[in-house]
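**Student:** Next one to model:
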Amino acid sequence: MEKITRRRFLESSAAASLLTIVPRRVLGRGQTPPSDKLAIAGIGIGGMGAANLRELESENIAALCDTDLSYASGTIKRYPAAEVFTDYRIMLEKRKDIDAVVIATPDHTHAVITMAALRAGKHVYTQKPLTHGVWEARQLADAARTSKVTTQMGIQGHSGEGIRLVVEWLRAGLIGEVREVDGWCDLSYYPWGHAYWSSKWGERPADTPAVPAGLDWDLWIGPAPFRPYHPAYHPMVWRCWWDFGVGMMGDRGAHTLDAAVWALDLDAPETVEATSCGLNAETHPLSAIVTYRFPARSARPPVKLTWYEGTRPPRPEELEEGRKMPAEGGLVFKGAKGAIMCGVYGDGPRIVPEKLMQAAERPEKSIPRVEGSHEQDWARASKAGRKAGAAFEYSGPLTEICLLGNVAKRLDTRIAWDPVNLRVTNAPEAEALIRRPYRPGWSL
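**Tutor:** Presented below is the predicted three-dimensional model:
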């Protein structure tokens, strides 16, 4: 019997739906009849969360929560009927009628809020990266696997046409056996948030301005080590700080590596090696190159995947003169007969050289297509009681892969990974990076 991988299980689950409309009272906790609108709460609504909610306005936006009500004021005005909260814990306790939550807070609070929502029996949509740490990603994937709710990580390319074509073309062998992949994002966070406020690179700002009106700074810090408020952290610039953000590896890496993980059935790497430019204890580096080595999977060969951030890989030999690589970032799958190149979200895939693209006999479309947006796919799946495309059972392991790159960067070395025990076997000092301690009063 052919082995059914996690990804193929999720694909088949996405194709299924409930055809019978069942009264809400008959369904178990967390289940919603397809005929109803979801009562949705947004948590973290000043930035990307606002865009997520706009995609869900056909549902009932019933509650809003943000630690900075001033920053979130535009979203609050857009949904005047929604009840407003500052603390998600109070909201989850008070609003038992909420069916689902959309979480788009800074990276360092994703895990604690998402786990609280899962335990409250809510369907959950969490922006990428799913978590701030590797251990957290494993815990959320395990919790989602045993829950009766629908989960989705916010990697919108996963619902797109391009990534499906990449997966189908590679499975059909259009470029032959793939043993090597290059992925990149040539953007950088430079100048980092602290560069505006500190004269010394890699140091926290020394001044302590007053906390702005409307911001609950203690709640914003959440499980991270406490530090005084400063506009070098919030709003917008938190992602470049190790304590709050996971950097480009989780920002763009979660999007871009998705196509490689899905198409090649990649799971845990055996080793991860990193070199960085501008590495320091406070902020993510200016640029880095991270090399993953994945073992063979069934009949598939081992894969070397190299991630470039703040820079880009060498131009593929097969790419004809005058043809450009995708802007900002993408993937190059290197096969025995040619290459497949696509953009950040798996978009715009092309086989190179072009003569191979023209000659290729492309396979029938075999993966279910998504109607509408990534958020709408999650809402439909929640009401139908089925898996969404980027359910935590899939996106949790994807997040682990990305965040292991950050561990290798911080140690500035090659790490050997034991996925069963969540342990770096050749560097005991990595333990605090795999599972960070939480500030007192916070737990998963």
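**Student:** what bits of the stretch 201-350 of the chain have low per-residue confidence?
**Tutor:** Filtered on pLDDT under 70, the stretch 201-350 of the chain yields the residue ranges 201.
**Student:** Show me where it has its helices.
**Tutor:** 217-221, 247-251, 253-264 (DSSP state H, counting those that start in this stretch).
**Student:** can you redo the ones you listed as a markdown table with distance to Arg138 and mean neighbour count?
**Tutor:** Just so you know, the C-beta spots here come from the backbone N, C-alpha and C atoms, and that holds for glycine as well. Output for the helices of the stretch 201-350 of the chain, formatted as a markdown table (distance: least, C-beta to C-beta, whole Å; neighbours: other C-beta atoms under 10 Å):
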| stretch | distance to Arg138 | mean neighbour count |
| --- | --- | --- |
| helix 217-221 | 24 | 19 |
| helix 247-251 | 15 | 26 |
| helix 253-264 | 16 | 26 |
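**Student:** and Ser188, which of these is closest to it?
**Tutor:** Nearest of these to Ser188, taken as C-beta to C-beta: helix 247-251 at 7.6 Å.
**Student:** what's next to that closest one, contact-wise?
**Tutor:** For helix 247-251, contacts defined as C-beta atoms under 8 Å, 6 or more residues apart in numbering pick out 107, 128-129, 185, 187-189, 239-240, 245, 284, 288, 290, 307, 309-310, 399, 402-403, 405-406, 409.
**Student:** Mark which of those residues are buried, thanks.
**Tutor:** Among the contacts of helix 247-251, the ones that count as buried by 16 or more other C-beta atoms under 10 Å are 107, 128-129, 185, 188-189, 239-240, 245, 284, 288, 290, 307, 309-310, 399, 402-403, 405-406, 409.
**Student:** Out of these, list just those in strands.
**Tutor:** Members of the buried ones among the contacts of helix 247-251 lying in strands (criterion: DSSP state E): 185, 288, 290, 307, 309.
**Student:** For the spatially closest residue to Arg252 that is not a sequence neighbour, list each beta-bridge partner.
**Tutor:** Among residues not flanking Arg252 along the chain, Cys185 sits closest, at 3.8 Å (C-beta to C-beta, 6 or more residues apart in numbering). Beta-bridge partners for Cys185, by DSSP bridges, are Glu309, Gly329.
**Student:** hang on, Cys185 packs against Ala327?
**Tutor:** No - here Cys185 lies out of contact with Ala327, judged by C-beta atoms under 8 Å, at a distance of 10.6 Å.
**Student:** Could I get the full set of strands for the stretch 301-444 of the chain?
**Tutor:** 303-309, 329-335, 339-343, 350-352, 414-418, 423-424 (DSSP state E, counting those that start in this stretch).
**Student:** so how far is the third one off the chain centroid?
**Tutor:** Computed by C-alpha atoms, centre = their mean, to the nearest Å, the chain-centroid distance of strand 339-343 equals 21 Å.
**Student:** quick one, it and helix 253-264 angle?
**Tutor:** Strand 339-343 runs at 150 degrees relative to helix 253-264, counting by axes from the mean of the first three to the mean of the last three C-alpha atoms, to 10 degrees.
**Student:** Okay, strands next: where are they in the stretch 51-200 of the chain?
**Tutor:** Counting by DSSP E, counting those that start in this stretch, the strands of the stretch 51-200 of the chain are 60-65, 83-85, 100-103, 123-127, 151-154, 178-185.
**Student:** partners of the first one, with directions?
**Tutor:** Strand 60-65 pairs in its sheet with strand 39-43 (parallel), strand 83-85 (parallel), by DSSP bridges.
**Student:** Comparing those, which comes out most buried?
**Tutor:** The highest mean neighbour count among these, using mean count of other C-beta atoms under 10 Å, belongs to strand 39-43: a mean of 26.
**Student:** Report the inter-axis angle for that one versus strand 123-127.
**Tutor:** Using the same axes, to 10 degrees: strand 39-43 against strand 123-127 is 30 degrees.
**Student:** how far does strand 39-43 sit from the chain's center?
**Tutor:** That offset, for strand 39-43, works out to 19 Å (C-alpha atoms, centre = their mean).
**Student:** What lies in contact with it?
**Tutor:** Strand 39-43 is contacted from outside by 49-50, 52-53, 56, 59-66, 75, 88, 91, 95, 97-105, 113, 117, 122, 379, using C-beta under 8 Å, 6+ apart.
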